[in-house]
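J.: Sequence and predicted structure are below.
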Amino acid sequence: MKRTENFQMVAKTMAELEDVLAEELIELGANDVETGIRMVSFTGNNALLYKANLHCRTALRILKPIHTFVANNADEVYEEIKKIDWEQYLTLDKTFSIDAVVFSHIFRHSKFVSYRVKDGIVDYFSERYEKRPSVSVTNPDLMFNIHIAHNKCTLSLDSSGESLHKRGYRIAQTDAPLNEVLAAGMILKSGWRGESTFIDPMCGSGTLLIEAAMIALNIPPGIHRDSFAFEKWNDFDKDLFSEIYNDDSGAKTFDYKIIGTDISGQAISIAEKNVKNAGLKNQITLEIKPFQQYTKAPEPAGILMTNPPYGERIRVDDIEALYNMIGERLKHVFAGYDAYVLSFKKENFDNIGLKPAERFFLFNGPLECEMRKYEIFAGKRDDRKKEEVSARRYDRDNRSIGENKREFKQDFANRAGSSNRGSKRSRDEGRERGGFKEKGSRWDKDKGPSGDRNRGSDRDRKSHSDYKSYDRKKVVYDDATNRPVFIKRDPEDYQQKRKRVDLKKRKSENSEEAPGAEKRVNKVFIARKHPTKRKDSESDVNKETNSDNE
């Protein structure tokens with residue numbers, strides 16, 4: 001067997017899966033692993049190159065860079081390509097193809113870059129042998145990749161050939177099937193490695209189920225492929241690759257269930273064909289069953305992962321009702337499960353109506369999607385044992401009211417979770433049933449203090465310290481709900497009693513004159529009762545006499 005030295009390699013992947021791919025490469029023995037944008041660079045030998053193509057579940061291609069240079073126009077690219085010793089890689093009887101990926105303001109057309117690279121290769125042979133190798137788009141012997149970022153160019157050999165997401169087991173598919181690399185990335189991101197039950201209630205063509213079974217049994221994802229591009233390289237080591245391909249030392253056993261259901265009989269039929277072709281018929285159970293017909297979750301509990309329609313490529317009559325149903329079934333049937341839902345729009349997740357424990361951002365083709373994890377609990381998320389609440393409630397009866405205030409609010413406030421929406425409501429309900437009044441509550445100029453009804457000016461002006469306290473030991477508890485029943489207090493306990501003041505009586509008691517206010521009131525009253533007549537002025541009299549004389 002040929003032993004080679006380490007060299008640089010690049011593994012291409014989908015956005016947001018770089019960390020998962022890096023972990024896979026490290027497990028295979030890669031060195032100098034560095035993540036980038038939709039790629040992971042690493043170093044290794046030919047054995048690692050073969051292993052990466054065969055075992056990496058989240059890789060799209062494995063590239064081997066052969067030349068790096070700087071070019072500011074297409075002619076410079078052409079000249080740099082001609083400098084390469086192409087006889088190391090190509091012969092006149094082999095075919096090749098060029099794949100260009102360009103991120104640059106200098107080179108605006110990737111096709112034109114491909115043509116210039118092709119010209120450089122064929123001119124190299126034409127000048128020497130007056131013959132040239134042929135270009136084949138469908139089934140080339142060698143595939144080259146030219147990557148340009150601004151003016152930095154990297155020419156690489158593509159060791160994979162067809163994209164690695166084409167595992168080889170899919171012989172039929174439904175509308176909008178899930179990419180195999182994305183499906184494997186979803187499962188690996190969840191942390192599931194075959195230690196519990198796996199369910200997909202909307203399985204479609206069965207991609208998630210097959211990828212889950214291959215992960216649980218540690219079956220290499222490339223085991224069903226017909227070939228890899230590196231098998232046609234000049235330095236291909238057939239014995240080494242055969243040893244790696246037939247190594248089953250990492251095989252594992254799986255003792256749980258992988259279950260897939262779908263509302264469509266056609267989808268289940270397609271999934272059965274794919275599962276049989278993958279050799280996993282004994283590990284995966286398929287059934288025609290709508291998600292809404294689940295009344296009992298399979299045991300033992302595990303994870304549920306699904307990719308429901310988004311309303312984009314697959315049209316749904318009522319997308320809101322679909323996601324409402326998903327949330328309702330998860331909550332009431334799959335208690336104890338961890339559920340993972342991949343979708344596109346935020347509105348779809350809002351319609352599920354559950355709070356996610358984790359969020360993973362992923363790309364499904366051009367769509368920027370999100371996978372959310374829901375930890376399904378029986379009852380409320382922060383429910384406590386009734387015995388614990390009762391013990392704390394009766395324990396505080398021997399303490400003063402001030403010390404019990406905080407615990408009282410905690411036990412009888414809205415315990416729906418961490419949402420702030422119920423906090424104001426719970427405070428208001430506490431006041432209405434005789435709870436403690438909040439200090440520093442916000443003021444609404446139309447309604448007064450927030451959550452408190454306007455009970456009159458006397459109540460507003462009265463300080464909290466003037467209220468009569470009550471003995472908590474005298475509180476009566478309801479036998480059915482075990483909650484305190486507060487008796488409505490007499491209005492005389494908290495309303496001021498107004499006394500009528502008799503000014504004449506006060507005058508006789510004090511032997512003094514009536515206050516000045518009384519005198520002023522009397523004067524005003526008398527003036528209004530007996531108005532005085534207006535006296536005519538001398539000017540008015542003169543005017544009348546003058547008018548008579550005229």
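T.: Cool, the structure landed.
J.: Shouldn't residue 115 be within a helix?
T.: Yes - with DSSP: H, G, I helix; E, B strand; the rest coil as the criterion, residue 115 is located in a helix.
J.: measure it to residue 135 for me?
T.: Residue 115 is 10 Å from residue 135, where distance means C-beta to C-beta, to the nearest Å. All C-beta atoms are positioned from the backbone trio N, CA, C, and that covers glycine.
J.: Mean confidence (pLDDT) on stretch 245-253, please.
T.: Throughout stretch 245-253, pLDDT has a mean value of 92.
J.: typo on my end, it should be stretch 157-170
T.: The predicted model assigns stretch 157-170 a mean pLDDT of 95.
J.: What lies in contact with it?
T.: 49, 53, 56, 59-64, 66, 89, 99, 142-145, 177, 179-181, 205, 207, 210, 221-222, 224-230, 233, 274, 277-278 (C-beta atoms under 8 Å, 6 or more residues apart in numbering).
J.: how deep is the closest residue in space to residue 60 that isn't next to it in sequence tucked in, by neighbour count?
T.: Nearest residue to residue 60 in three dimensions, chain neighbours excluded: residue 12, at 4.6 Å (C-beta to C-beta, 6 or more residues apart in numbering). For residue 12, the neighbour count with other C-beta atoms under 10 Å is 22.
J.: What values do phi and psi take at residue 12?
T.: Main-chain torsions, residue 12, degrees, to the nearest 10: phi -90, psi 140.
J.: Surely it is in contact with residue 59?
T.: Yes - assessed by C-beta atoms under 8 Å, residue 12 is found in contact with residue 59 at 6.8 Å.
J.: quick one, phi psi at residue 270?
T.: Geometry field for residue 270 lists phi and psi as phi -70, psi -40, criterion degrees, to the nearest 10.
J.: which residues does it contact?
T.: By C-beta under 8 Å, 6+ apart, the contact set of residue 270 is 172-174, 204-206.
J.: what does residue 303 give?
T.: Counted by C-beta under 8 Å, 6+ apart, residue 303 has contacts 190, 192, 196-199, 337-340.
J.: Let's see that with 7 Å instead.
T.: Each residue near residue 303 by C-beta atoms under 7 Å, 6 or more residues apart in numbering is listed here: 190, 192, 196, 198, 337-338, 340.
J.: how close does the residue nearest to residue 60 sit to residue 18?
T.: Plainly put, residue 12 is 10 Å away from residue 18 if you go by C-beta to C-beta.
J.: And residue 251, by the same measure?
T.: Using C-beta to C-beta, residue 251 is found at 28 Å from residue 18.
J.: more neighbours, these two?
T.: residue 18 (19 against 9).
J.: Quick one, grab the pLDDT at the closest residue to that one other than its chain neighbours.
T.: Nearest non-adjacent residue to residue 18, counting by C-beta to C-beta, 6+ apart: residue 35, 4.3 Å away. Reported pLDDT at residue 35 in the predicted model: 96.
J.: Contact partners for residue 35?
T.: 18-19, 22.
J.: domain parsing for the chain?
T.: Annotated domains of the chain cover 7-158, 180-235+245-375, 499-533 [automatic domain parsing].
J.: need the ones you listed in CSV with distance to residue 165, can you?
T.: Listed next are the domains of the chain as CSV, based on distance: least, C-beta to C-beta, whole Å:
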stretch, distance to residue 165
domain 7-158, 6
domain 180-235+245-375, 4
domain 499-533, 90
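J.: where among those domains is the average confidence lowest?
T.: domain 499-533 (a mean of 52).
J.: and residue 55, how many neighbours?
T.: Residues near residue 55, counting by other C-beta under 10 Å: 20.
J.: One more: residue 66?
T.: Number of residues near residue 66 (other C-beta under 10 Å) recorded here: 17.
J.: residues of the helix or strand harbouring it that come out buried?
T.: Using DSSP states H and E, residue 66 sits in strand 61-70. Neighbour counts over strand 61-70 (16 or more other C-beta atoms under 10 Å) mark 61-66, 69 as buried.
J.: between the next helix or strand after that strand and strand 61-70, what angle do the directions make?
T.: Downstream of strand 61-70, the next assigned helix or strand under DSSP H and E is helix 74-82. With axes from the mean of the first three to the mean of the last three C-alpha atoms, to 10 degrees as the basis, helix 74-82 and strand 61-70 are set at 110 degrees to each other.
J.: so can I have CSV of the contacts of residue 35 showing distance to residue 302 and secondary structure?
T.: CSV is the format used below for these (distance: C-beta to C-beta, whole Å; DSSP: H, G, I helix; E, B strand; the rest coil):
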residue, distance to residue 302, secondary structure
18, 27, helix
19, 24, helix
22, 27, helix
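J.: Closest one to residue 103 out of the residues you listed, please.
T.: Nearest to residue 103 among those is residue 18, at 16.6 Å by C-beta to C-beta.
J.: If I follow the layout properly, the closest one ends up in contact with residue 42?
T.: No - look at residue 18 against residue 42 with C-beta atoms under 7 Å: they stay out of range, at 11.9 Å.
J.: Distance-wise, check residue 19 relative to residue 361.
T.: Using C-beta to C-beta, we find residue 19 at a distance of 12 Å from residue 361.
J.: ok so, going back, need the contacts of residue 303 in CSV with secondary structure, can you?
T.: Formatted as CSV, the contacts of residue 303 follow (three-state DSSP):
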residue, secondary structure
190, helix
192, coil
196, coil
198, strand
337, coil
338, strand
340, strand
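J.: where exactly do the strands run in the stretch 1-150 of the chain?
T.: With DSSP state E, counting those that start in this stretch, the ranges of strands along the stretch 1-150 of the chain come out as 7-12, 31-35, 39-44, 61-70, 95-103, 134-135, 142-149.
J.: got the CA positions of the longest one in CSV?
T.: The reference is to strand 61-70. Output in CSV follows, covering the C-alpha atoms of strand 61-70 (Å, rounded to 0.1, in the frame of the first residue of the first chain):
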residue,chain,number,x,y,z
ARG,A,61,-17.6,17.5,-1.0
ILE,A,62,-14.0,16.8,0.0
LEU,A,63,-11.6,19.0,-2.0
LYS,A,64,-7.8,18.7,-2.3
PRO,A,65,-6.2,22.1,-3.1
ILE,A,66,-3.4,21.9,-5.7
HIS,A,67,-2.6,25.5,-6.5
THR,A,68,-3.3,28.9,-4.8
PHE,A,69,-2.6,32.2,-6.5
VAL,A,70,-3.7,35.9,-6.8
